[in-house]
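Student: Quick one, what's the 3D model for this:
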Amino acid sequence: MGPGVLVYTKPHVFSLASPGRKGRGSRAENAEKSNVPTNITRPPGRKRNSTTMPPIHICGCHWAVGSDDFVYTGSVAFLIRIGWLVASCVVLHRHVDYTPANSSCRVYDDSTTFISFLVGDLVVQSFLQLLVICYSGRGGMLYAKRDERVAKLIALQLVLFVVEVAWLIVGSVWLFSGDLQCDTTIGETRGLLVTGYVWIVVYSLKQTCNMDPAGCLHVGRRGVTGEDNEGTYRASERSWDKCCRVICCLADLGNASRGIILDVSRLFSGIFARTGISDMVATDFAAAMALVQLRQEREETEHNKSNDVAAGDRPYSGALHGWEHPCSPLNFNDPQQQAKSEAYRDACYYMKYALAAYGWPLLMLMYQGTGLCRLAPNCRCCTCCRAHATPNDHCVECNTSAILHQTGLSRDELIHVTYHNKAYEPPYYVAVDRVKQTVVVAIRGTMSISDALTDVTAKPVRIENSADPLHAHGGIYKAAKYMKKQLDLSAPEKPSILQMAFDYAKMEDPSGEYKLVIVGHSLGGGTASILSLLYVLENEYPGLVCFAYSPPGGLLSRPAVERTKEFTTSVVLGKDMIPRMSLEKAHNLCRMLRCEADRTMTPKWLICLRCCCACCCKCCKPFVGEMPYDEEEGCGILEDATVQQTAKASVAQSTVEQEQAVLYLPGNVIYLVKVVGPNGKKSYQGFWTDYKEFHTLFVGAAMVGDHLAHNVHEAMHQLLSQSDINGEMTRL
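Tutor: All right, here's what the predicted structure looks like:
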């Protein structure tokens, strides 16, 4: 699926107008084909902003909050001010009733003046805060009339805040000088003064957090010309560059640190600028993702009404119209699928190696009560002082101990282990499996900031030494080249790591025909796929097999994917987001978020409230689903000038260039789908498919939970046990 632009076709359904697909045309032609009116009529008072989301702009500066983000924070501030006002009124009443011993007590008069002014200021501030709450809670996320009113009220609050600070300073001078003995209520007044200073600190921190680090210039502001847009894009890139520098301080990036930071900052600033969401704030993302999740849940419910996934019907995949791809159910009892069944059993078997690569942290997570007892038998003391210590492992070799426990290997069968970790340099180990007569290379997935930077360096690059133009994920390709260099590195008197493994295997079993198996999960799965492809391209290690568990979706170009189908099997669980993630799909998700924000008529605070209620109580879900939409609204992203330019540029590209730029999931794919029976019992159904099934990102808790290695391991073995039980029942 090449680069394209989201087109809204009917409520809650999106399709992708791709440059290479039939039916490409102007916006009016596409609208006519998809029954979308070009002359859209909007409700009164709801003017859509065609270029920006609703962040606050005060004094020419861009804030990191929207005009509809003051309902909950404003309510808290209102309650605090009301409490402060009540306390001030009580102190003022007690102060007025009190008669000082000295009629010329200046502190008493100053205290009266201070409290009286403070009460008046709190009344005005509370009233303004109430107005902010009322205006902030009106309309949908793009309610245009709200922005200017809320901005003026916030500006007025800031002016009064400065006056409030000045008055507290004056009060400090009055209440801490002169004859303090003549007013015995001075302590209560000082308490109000201290409360004021505490509020100043809290309010100042709040407003500091509200400011956008990108400064006064920002991508996508209203009225920005093409020349100014370039400047604002650079300002956004510099902002991302600063954020990446802070994060990268915690990672060991080696000599390529500056290049990595530049690549990451350009990636994120480009995504935000080209998808029309550069001005979306954090709460906009949260609310829009909640709306996308609700829409996907409705579509999945409608799909499951007419399809029985447990019986082998096609699972819901969020397929775009015309892009449904048939996938065959995994049937262990079908003689015609014996090869596929054996491939699945091998995938289940080698999953333990990918799981073990994560070391002791994952073992402790899987066995929270007995993890230490499982690690202890294989731990060794003071290995850091020994000559053959595991690189970058703990002094007692906790990671190596976890590998031995998870895989059931002996120390002799563990040929090489290293936990050295930098950007583009993942940890891995090499072992000999005598049961399957294989040499196994297991690569660890994402578990550090360095690994995460490898993940997000996603610019496609061409694979070297390939006759055909094959392209791959830039960061993971560098990691695969590093792995190949390490595995093939040899010296005059010392063979390479893989040669050592095969020599050991032949020594123990001379008659065995050992083959190479490369496995990994997440980042490790992507690295394993590209590493296997590099070996195949050089005609090394005949019979090589690769198992990639939950690999990244934006990994290889289409011609490269077709090559990997000969030796690579990928495993994907449920709604895992990583196998569905690529640059193109990230762009599409961002456009979908913008479109949902554009169409909703429900206030953001109500969306968040309903979703929180649904998370806490399942009975609230029907109430959550009733969120009105403007059914006449098209997708506002189509009117964004930047996206239109991107669409025109993509149309001008040739088909070959598009296939090079778009990356997909490697190999043949085993797709595991969770099925809940009528009695609430959870089971799994397996399908054989390929990358075409994973073109839609699902939003929800499962997008993260289904990616975790131990959850994939549990699902695979549960499906295998189900098949064994069903097969036994069939034979009986």
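
Student: Which residue ranges of the stretch 301-450 of the chain form strands?
Tutor: Counting by DSSP state E, counting those that start in this stretch, residue ranges of the strands within the stretch 301-450 of the chain are 328-329, 414-418, 428-433, 438-443.

Student: and what of the stretch 1-150 of the chain?
Tutor: Secondary structure of the stretch 1-150 of the chain (DSSP E, counting those that start in this stretch): strands at 5-10, 13-17, 55-58, 61-66.

Student: neighbours of the closest residue to residue 65 other than its chain neighbours, just the number please.
Tutor: Spatially, and ignoring its direct neighbours in sequence, residue 65 is nearest to residue 210 (4.9 Å; CB to CB, 6 or more residues apart in numbering). C-beta: built from backbone N, CA, C; applies to glycine. Neighbourhood size, residue 210 [other CB atoms under 10 Å]: 18.

Student: Any figure for the gap between residue 210 and residue 708?
Tutor: Residue 210 is 34 Å from residue 708, where distance means CB to CB, to the nearest Å.

Student: So which residues of the stretch 501-650 of the chain form helices?
Tutor: Remark: helices assigned in the stretch 501-650 of the chain by DSSP state H, counting those that start in this stretch are 523-537, 558-564, 583-599, 604-616, 621-625, 641-652.

Student: Check whether residue 572 really touches residue 698, as I assumed.
Tutor: No - in this structure residue 572 lies outside contact range of residue 698 using CB atoms under 8 Å: 11.6 Å.

Student: more crowded one of those two?
Tutor: Just comparing residue 572 and residue 698: by other CB under 10 Å the higher neighbour count belongs to residue 572, 27 against 21.

Student: from memory the residue nearest to residue 65 sits against residue 64, does it?
Tutor: Yes - using CB under 8 Å, residue 210 is in contact with residue 64, at 5.7 Å.

Student: Packed most tightly, which of the strands of the stretch 301-450 of the chain would that be?
Tutor: Sort the strands of the stretch 301-450 of the chain by mean neighbour count, taking mean count of other CB atoms under 10 Å, and strand 438-443 sits at the top with a mean of 26.

Student: Check which helices and strands that one sits against.
Tutor: Applying 3 or more CB pairs under 8 Å, 6 or more residues apart in numbering; DSSP states H and E, we find strand 438-443 packed against helix 338-356, strand 428-433, helix 474-488, helix 497-508, strand 515-521, helix 523-537.

Student: Format the ones you listed as CSV; extra columns: mean pLDDT.
Tutor: Putting the helices and strands packed on strand 438-443 into CSV (pLDDT from 0 to 100) gives the following:
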stretch, mean pLDDT
helix 338-356, 93
strand 428-433, 95
helix 474-488, 94
helix 497-508, 91
strand 515-521, 96
helix 523-537, 95
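
Student: and residue 560, which of these is closest to it?
Tutor: helix 523-537 (6.5 Å; CB to CB).

Student: helices and strands around that closest one, which ones?
Tutor: strand 438-443, helix 449-456, strand 471-473, helix 474-488, strand 515-521, strand 545-549, helix 558-564, strand 568-573.

Student: Present those as JSON lines; the columns should include distance to residue 505.
Tutor: Shown next, in JSON lines, are the helices and strands packed on helix 523-537 (distance: least, CB to CB, whole Å):
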{"stretch": "strand 438-443", "distance to residue 505": "6"}
{"stretch": "helix 449-456", "distance to residue 505": "30"}
{"stretch": "strand 471-473", "distance to residue 505": "30"}
{"stretch": "helix 474-488", "distance to residue 505": "15"}
{"stretch": "strand 515-521", "distance to residue 505": "10"}
{"stretch": "strand 545-549", "distance to residue 505": "16"}
{"stretch": "helix 558-564", "distance to residue 505": "25"}
{"stretch": "strand 568-573", "distance to residue 505": "23"}
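
Student: Which one, of the helices and strands packed on strand 438-443, ends up nearest to residue 97?
Tutor: Using CB to CB, the helices and strands packed on strand 438-443 put helix 523-537 closest to residue 97, at 71.8 Å.

Student: Tell me the buried residues in that closest one?
Tutor: In terms of neighbour count (16 or more other CB atoms under 10 Å), helix 523-537 has its buried residues at 523-537.
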